[in-house]
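**Q** Predicted structure and sequence below. I'll ask about it afterward.
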Amino acid sequence: MTTDRRIYSYSAVLMGSPILLKLFEHNESLAARVFRLIKAHENILTVNRPHSDIMAINHAAGRQPVVVSQPIFEIIKRAKAVSLLEGSCFNFTIGPLVKRWKIGFSGNTVPDSDELQALLALTSPDDVQLDESSRCVFLAKAGMEIDLGAIAKGYIADIVRDFLQQEHIENALINLGGNVHTIGAGDDNGAREEGGWAIGLKKPFADAAALIGVINVANKSVVTSGIYERYFELDGRCYHHILDPKTGYPLDNELLSVTVICDDSIDGDIYTTLLYGMGVEKSLAYLQQCADIEAIFVTRDQQVICSSQRQFSFALTDTAYRLAN
Ligand code: FAD
Ligand code: MG
């Protein structure tokens, strides 16, 4: 039982993102262990430095298979399966395009279409050969690059959740910069009888603190992908970091952001990208078959659309936006 309702917040910058841990107890050593755990997984999964387990695979593209650990093999297998779903806009071999665009990093420019076509030829998920028995990963063409940017934060958020649970933490929130995981009934007793964590839905292209509304949720992951965190503008056009694997350009549709509420953050991370590519209408139809996955869509014409609200509640706070049903 928690008697002290005071929240203790611990922050760090890891994976190029602000990381926030909230606990109901003052426990700096636990926070330090959480940040070390995240750092250890960043070191394995990053493609933003020359050396990591994923970069070893990328460096060996077209030359030789690389043996990886079982968990890394599993995340790559999952990323490949999602990339091969019919019509999927999730593509974990998008690396050459991400590296060329450099969106969110310095030196970004708009590639010409010939250059994009040449790079697109290096982004076929079928060209990633996986050997289950030896845990080998082989990128068949030189120049191919795996990029787990659309799934790795979710994977790591689940690891942090599992770690905190092993440490018998009954109430906590971890935010990996858009990937939020909640444990327990949280800090907000107002919105729902059973309590919950209050998580802000960010207002696109506004101050960091500006919100459209508040999501109230307990024991769930809340993942948001949007076009307003990492982008650059040129000649009046906005180029954001979620790329269309068919064209090589940033995905262009009616959406500003997609938030997915579900049990595991790896699913949330995958689904934000998948649903982003589907757009609102297809996503709503698709989600009717997924009892455990719910989403909140924010559109360019300032609508907020919830697929359903079984596992969370949402309160609109910005009247410039309209809650559609
Ligand atoms: P999501 O929408 O979930 O995914 C978008 C990201 O996925 C893109 O940034 C790109 O990396 C990739 N992507 C783009 N299009 C597609 C597609 N069609 N299919 C699949 N994937 C796609 N940022 C820094 O600035 N500096 C760092 O040092 C740094 N290190 C990182 C280390 C790790 C281990 C991870 C996981 C991330 C790191 N990042 C870093 C952030 C990273 O570059 C991405 O911006 C971030 O992962 C995007 O997360 P998201 O949830 O906002 O976006
Ligand atoms: Mg994602």
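**A** Nice, I can see it. Residues are numbered from 1 along each chain as shown. Ligands and ions are numbered 1, 2, ... in the order given.

**Q** element containing the residue most central in space within the chain, please.
**A** Nearest to the geometric centre of the chain sits Asp269, at 3.8 Å (Cα atoms, centre = their mean). Element membership for Asp269 (DSSP states H and E) is helix 265-287.

**Q** Can you tell me the number of residues neighbouring Lys39?
**A** Other residues near Lys39 number 14, with proximity taken as other Cβ atoms under 10 Å. Just so you know, the C-beta spots here come from the backbone N, C-alpha and C atoms, and that holds for glycine as well.

**Q** residues touching the residue nearest to it when sequence neighbours are not counted, list them.
**A** Leaving aside its chain neighbours, Lys39 sits nearest to Leu14 (5.8 Å; criterion: Cβ to Cβ, 6 or more residues apart in numbering). Contacts for Leu14 (Cβ atoms under 8 Å, 6 or more residues apart in numbering) come out as Phe35, Ile38, Lys39, Glu42, Leu176.

**Q** what's the nearest residue to the last one if we skip its chain neighbours?
**A** Translated: Leu176. Sequence neighbours aside, Lys153 is the residue nearest to Leu176 in space, at 4.7 Å (criterion: Cβ to Cβ, 6+ apart).

**Q** Okay, helices next: where are they in this protein?
**A** With DSSP state H, the ranges of helices along the chain come out as 28-45, 53-59, 70-83, 95-101, 113-120, 152-166, 265-287.

**Q** I'd like the distance from the first one to the chain centre, please.
**A** Taking Cα atoms, centre = their mean, to the nearest Å, one finds the center of helix 28-45 at 18 Å from the center of the full chain.

**Q** CA atoms only for that helix - export them in CSV, please.
**A** Extracted as CSV, the C-alpha positions of helix 28-45 are listed here (Å, rounded to 0.1, in the frame of the first residue of the first chain):
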residue,chain,number,x,y,z
GLU,A,28,17.8,7.4,-6.3
SER,A,29,19.7,4.1,-6.5
LEU,A,30,16.6,2.5,-8.2
ALA,A,31,16.4,5.4,-10.7
ALA,A,32,20.2,5.0,-11.4
ARG,A,33,19.7,1.3,-12.0
VAL,A,34,16.8,2.0,-14.4
PHE,A,35,18.9,4.5,-16.4
ARG,A,36,21.8,2.1,-16.5
LEU,A,37,19.4,-0.6,-17.9
ILE,A,38,18.2,1.8,-20.6
LYS,A,39,21.8,2.8,-21.4
ALA,A,40,22.9,-0.9,-21.7
HIS,A,41,20.1,-1.6,-24.2
GLU,A,42,20.8,1.7,-26.1
ASN,A,43,24.4,0.5,-26.5
ILE,A,44,23.2,-2.8,-28.1
LEU,A,45,20.4,-1.3,-30.3
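
**Q** What mean pLDDT does it get?
**A** Taken as a whole, helix 28-45 has a mean pLDDT of 98.

**Q** same deal with the last one?
**A** The average pLDDT for helix 265-287 rounds to 97.

**Q** elements contacting it?
**A** With contacts taken as 3 or more Cβ pairs under 8 Å, 6 or more residues apart in numbering; DSSP states H and E, helix 265-287 sits against helix 70-83, helix 152-166, strand 179-183, strand 221-226, strand 255-262, strand 294-299.

**Q** Dump the ones you listed into CSV; add distance to ligand 2, mean pLDDT and mean neighbour count as well.
**A** Formatted as CSV, the helices and strands packed on helix 265-287 follow (distance: least, Cβ to the ion, whole Å; pLDDT from 0 to 100; neighbours: other Cβ atoms under 10 Å):
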stretch, distance to ligand 2, mean pLDDT, mean neighbour count
helix 70-83, 10, 98, 18
helix 152-166, 7, 98, 21
strand 179-183, 8, 96, 26
strand 221-226, 5, 96, 24
strand 255-262, 9, 97, 25
strand 294-299, 12, 98, 22
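
**Q** Nearest to Val128 among those would be which one?
**A** helix 70-83 (5.6 Å; Cβ to Cβ).

**Q** Can you check what angle separates the closest one from helix 152-166?
**A** Taking axes from the mean of the first three to the mean of the last three Cα atoms, to 10 degrees, one finds that helix 70-83 is oriented at 130 degrees with respect to helix 152-166.

**Q** For the closest residue to Val222 other than its chain neighbours, which residues are in contact?
**A** Excluding the flanking residues, the one nearest Val222 by Cβ to Cβ, 6+ apart is Val180, at 4.4 Å. Val180 makes contact with Ala157, Leu173, Ile174, Trp197, Ile199, Ser221, Val222, Val223 under the criterion Cβ under 8 Å, 6+ apart.

**Q** who's the fifth one bridged to?
**A** Right, Ile199. Here Ile199 sits in beta bridges with Ile215, going by DSSP bridges.

**Q** Could you tell me which residues make contact with it?
**A** Leu173, Val180, Thr182, Val214, Ile215, Asn216, Val217, Val222.

**Q** Perfect, I'm done here.
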